[in-house]
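Participant: using only what follows, build the 3D model:
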Amino acid sequence: MKVVAAIDSFKGSLSSIEAGRAAMEGIWRACRADVVIRPVADGGEGTTESMVEGLGGGYREKQVTGPNGSQVTARYGILSDGETVIMEMAQAAGITLIASEKLDPWNATSFGVGEMIRDAVEKGGRKFVVGIGGSATTDGGTGMLAALGYRFYTSDGRQIMGGIKDLDRIKKIDASHVMPELQECSFQIACDVNNPLCGENGAVFIFGPQKGVKEEEKEILDEKMKHFAEKTKEYFQKDFSKTAGAGAAGGLGFAFLSYMPNVMLRPGADIIMEAVGLEEEIRTADIVITGEGRMDAQTVMGKVPVGVAKLAKKYGKRVIAFAGSVSDDAGVCNMYGIDAIFPVIRGISTLEEALRPERAKRNMELTAEQVFRLICSEDRICGTGPENF
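Facilitator: Next up, the predicted model:
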């Protein structure tokens, strides 16, 4: 029996690989199975760790400019080939880097994201996977672009370095100082939203409020973004402002599409699953297990478990999901390829207790063991039990 484990991280307790290993230990107590573990993530928090731990590589740290202008330590991964770089923009411009009472949407900058990319390029990185969830910025990516050498000037010759407040004053765009090595790079952008850059469904109106944008500021800031889009269109003679995902991360999606070479915006889970060769393993599997810390109706909205299930059903495989908690509405996941969902919490406990890595690991092991004891028992009745594998 071949089992493929592709479980998203249980935030705060188990990484993707750790969750897979715990499930494997439980399965091995129940039957003799060939368990293959593949790290998975959705492009958000935990993506770098999952990829580095699962595919081999290391980490680099860089002091960069945070969203409010102060210095922060950003970490990114570079895989063992020396060229593939895994980044989460939230390391440099994430909303968790700023206290809620200090959110400043007018000035928040993505400059540090560009500093991370520049550092990786200078160290040989050429193939980038960048998760762009959880941003604190709405600067259209101008901060990132400035760090990479793009220059944005006002009519009086002043250079804009990032922040949305001056986007409507951009008069001239200059690319003469851009890193030439960028032309050798490719970028896969993990993006799980379909919003355009501007308008009622754009970056400011939809995502601005969580970054501190007040209701009366939405139209003002959206007009500034529209001006930036128009100037970009004039300069490149192409317009990505209405492209799905352009409004992601305060317009960072638009910046990548318009200003960077060899860019693809794709669902984060799809990028990671492809990178780790998950489909090939699933093709020859008997059972696929997946899961995440909490499964609910939102899981079907591009989350890892449903992405794994979709791939598994392409080959007619059974799919079992494990989760730290399962909400009453999680049953909708059964309509998206997950055959059964099992919560791993085995007794009354506080959230703090449940999140302890040793407890989470033990819970996963014991639950996986019991589930596979049933599976193996059924297979024995059919003459296909573990003794036949």
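
Participant: which helix runs longest in this protein?
Facilitator: helix 357-381 (DSSP state H).

Participant: by contact count, what packs against it?
Facilitator: helix 16-30, strand 318-326, strand 340-343, helix 351-355 (3 or more CB pairs under 8 Å, 6 or more residues apart in numbering; DSSP states H and E). Using the backbone N, CA and C atoms, a C-beta is placed for each residue, glycine as well.

Participant: the strands in this protein, which residues?
Facilitator: In the chain, the strands defined using DSSP state E lie at 2-5, 34-37, 57-65, 71-79, 84-88, 127-131, 151-154, 159-160, 170-174, 186-190, 263-266, 287-295, 318-326, 340-343.

Participant: quick check: buried residues in the third one?
Facilitator: Of all the residues in strand 57-65, those buried under the rule 16 or more other CB atoms under 10 Å are 57, 60, 62, 64, 65.

Participant: next: stretch 305-322.
Facilitator: Under the neighbour-count criterion of 16+ other CB under 10 Å, stretch 305-322 has 305-313, 317-322 buried.

Participant: please apply the same query to stretch 275-283.
Facilitator: Those would be 275, 276, 278, 281, 282, for stretch 275-283 by 16+ other CB under 10 Å.

Participant: now it: mean pLDDT?
Facilitator: Average pLDDT, stretch 275-283: 94.

Participant: and if you look at stretch 343-355?
Facilitator: 85.

Participant: can you list the residues that contact that stretch?
Facilitator: Outside of stretch 343-355, the residues within contact range by CB atoms under 8 Å, 6 or more residues apart in numbering are 10, 12-13, 322-326, 359-360, 363-364, 366-367.

Participant: for these, work out which two are farthest apart.
Facilitator: 12 and 366 (19.8 Å; CB to CB).

Participant: reformat the helices and strands packed on helix 357-381 as a markdown table; add distance to residue 295.
Facilitator: Shown next, in a markdown table, are those (distance: least, CB to CB, whole Å):
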| stretch | distance to residue 295 |
| --- | --- |
| helix 16-30 | 13 |
| strand 318-326 | 4 |
| strand 340-343 | 6 |
| helix 351-355 | 15 |
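
Participant: which of the ones you listed sits closest to residue 134?
Facilitator: Of the helices and strands packed on helix 357-381, the one closest to residue 134 (CB to CB) turns out to be helix 16-30, at 17.7 Å.

Participant: I'd say residue 208 and residue 221 touch.
Facilitator: Yes. Assessed by CB atoms under 8 Å, residue 208 is found in contact with residue 221 at 6.6 Å.

Participant: quick one: pLDDT of residue 235?
Facilitator: 97.

Participant: distance check, the most centrally placed residue in the chain against residue 120.
Facilitator: Here the mean C-alpha position of the chain is nearest to the C-alpha of residue 43 (CA atoms, centre = their mean), at a distance of 1.2 Å. Residue 43 sits 17 Å away from residue 120, going by CB to CB, to the nearest Å.

Participant: same check, this time on residue 211
Facilitator: Distance, residue 211 to residue 120, by CB to CB: 26 Å.

Participant: quick one: the helices in the stretch 201-350 of the chain?
Facilitator: For the stretch 201-350 of the chain, the helices defined by DSSP state H, counting those that start in this stretch occupy 218-236, 252-259, 268-275, 278-283, 304-314.

Participant: next, the angle from the last one to strand 287-295.
Facilitator: On the basis of axes from the mean of the first three to the mean of the last three CA atoms, to 10 degrees, helix 304-314 is oriented at 160 degrees to strand 287-295.
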